Structure formats: C-alpha cells, structure tokens
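Participant: The following comprises the amino acid sequence and a computationally predicted model.
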Amino acid sequence: MASVVKGFQLVFAVVRIKCFQAYKAVFRGPDPPPRPQFDLIAAGLSGTGKTTVLSSLCGEENSNPEPTNGFAIKAAQLDQVIFNVKELGGSDKFRPYWDKYYNAEVDGLVRLALSQRHYNGTARRFKHWQTQCCLCVGVYAGCNSRSISH
C-alpha cells in the first residue's frame with residue numbers, strides 16, 4: 001500500500017512540474033531587454049578599499065579582505081547596467097604593470113585614494129588614461145575596511 005501511495009505522489013509531482021512548465025511557456029512575458037555592459041578598471045594604492053567597495057557593490061560578504069595580487073575581475077550587476085570591473089592590485093610590485101591593463105576596450109577608470117596626498121600621487125600615472133576614457137571617476141575615501149570596527 002505504501003509503495004502505491006509513493007507511486008501516486010511521484011506521478012502527481014511529475015504532472016505538476018510539466019503543467020508549470022507548460023504554463024510558463026504559454027504565459028511568459030517577453031524577455032527583458034539586455035542590460036548594457038561596461039568594462040571598468042579600479043585602481044589605487046594598496047589598502048585603499050578597492051576590494052571592499054567592489055564586494056559591497058556586488059552584494060558579497062567580505063569582512064576580511066586580502067590584498068589583491070595582480071588583478072581580480074568582478075561583475076557588478078545593477079538594475080539597469082552591468083559593470084565588469086578589473087581591480088588592479090595596488091602594491092609596489094604590481095603598480096608598474098597597471099599600464100598593461102588599459103586598452104581601447106576599457107570604458108572607464110575608477111581611482112580610489114585614502115588621502116589627498118595619495119590621490120595626487122597617482123595623478124601622473126592616470127593622466128593619459130583620463131584623456132582617453134569616456135568615464136573617469138576619482139573617489140577619495142576617508143577610511144578602508146581596516147578602519148571600520150566590526
């Protein structure tokens with residue numbers, strides 16, 4: 001008797017799934033229009049909070065971020081747009097390679113700095129990028145993830 005009941009439950013579950021799939025196929029609305037995508041570079045000196053900002057933007061939990069070695073790519077999917085962000089490591093050994101990541105495909109640059117001195121100190125490096133980018137944003141953040149108490 002128990003096996004007959006389980007058999008009916010299985011058949012009923014399969015019928016429900018197939019009915020739902022048919023309903024979706026018939027009454028599904030039009031596909032939403034594709035969101036535009038932009039390729040951005042996030043750069044700044046080591047410890048400026050690039051990873052923390054990008055993790056927050058992507059909705060990820062990142063309570064103990066590690067320094068970025070080389071680069072990291074994150075896709076920030078917002079309501080109207082998708083930002084594909086290449087975060088460049090800010091330590092002394094990676095800074096000489098920053099220019100290698102900028103090319104004609106990049107739509108914008110986001111610079112992060114903890115102080116006005118850091119912001120001004122990286123200005124020379126980004127001067128030629130800023131003349132070629134359609135979007136260039138400078139962010140002066142007063143704190144990073146280490147200065148926020150948990």
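Facilitator: Sure, I can see it.

Participant: Doesn't Asn62 belong to a helix?
Facilitator: No: under the criterion used here (DSSP: H, G, I helix; E, B strand; the rest coil), Asn62 is coil, not part of a helix.

Participant: Surely it touches Thr52?
Facilitator: Yes: Asn62 is in contact with Thr52 according to Cβ atoms under 8 Å; the separation is 6.1 Å. In this view, the C-beta of every residue, glycine as well, is placed from N, C-alpha and C.

Participant: The two - which one has more neighbours?
Facilitator: It is Thr52, of Asn62 and Thr52, that has more neighbours when counted by other Cβ atoms under 10 Å, with 19 against 14.

Participant: what's the helix or strand for the more buried one?
Facilitator: helix 50-57 (DSSP states H and E).

Participant: got the buried residues for that helix?
Facilitator: By 16 or more other Cβ atoms under 10 Å, the buried positions in helix 50-57 come out as Lys50, Thr51, Thr52, Val53, Leu54, Ser55, Leu57.

Participant: Could you report the distance from the third one to Lys100?
Facilitator: Spatial separation of Thr52 from Lys100 under the definition Cβ to Cβ, to the nearest Å is 25 Å.

Participant: likewise the first one?
Facilitator: Separation of Lys50 from Lys100 (Cβ to Cβ): 18 Å.

Participant: in the chain, which spans are strands?
Facilitator: For the chain, strands defined by DSSP state E occupy the ranges 37-44, 71-77, 82-88, 108-113, 135-140.

Participant: List the buried residues for the first one?
Facilitator: When you say that, I think you mean strand 37-44. In strand 37-44, counting by 16+ other Cβ under 10 Å, buried: Leu40, Ile41, Ala42, Ala43, Gly44.

Participant: Now these in JSON lines, please, with extra columns for pLDDT and distance to Lys6.
Facilitator: Formatted as JSON lines, the buried residues of strand 37-44 follow (pLDDT from 0 to 100; distance: Cβ to Cβ, whole Å):
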{"residue": "Leu40", "pLDDT": "88", "distance to Lys6": "54"}
{"residue": "Ile41", "pLDDT": "86", "distance to Lys6": "57"}
{"residue": "Ala42", "pLDDT": "85", "distance to Lys6": "55"}
{"residue": "Ala43", "pLDDT": "83", "distance to Lys6": "60"}
{"residue": "Gly44", "pLDDT": "80", "distance to Lys6": "60"}
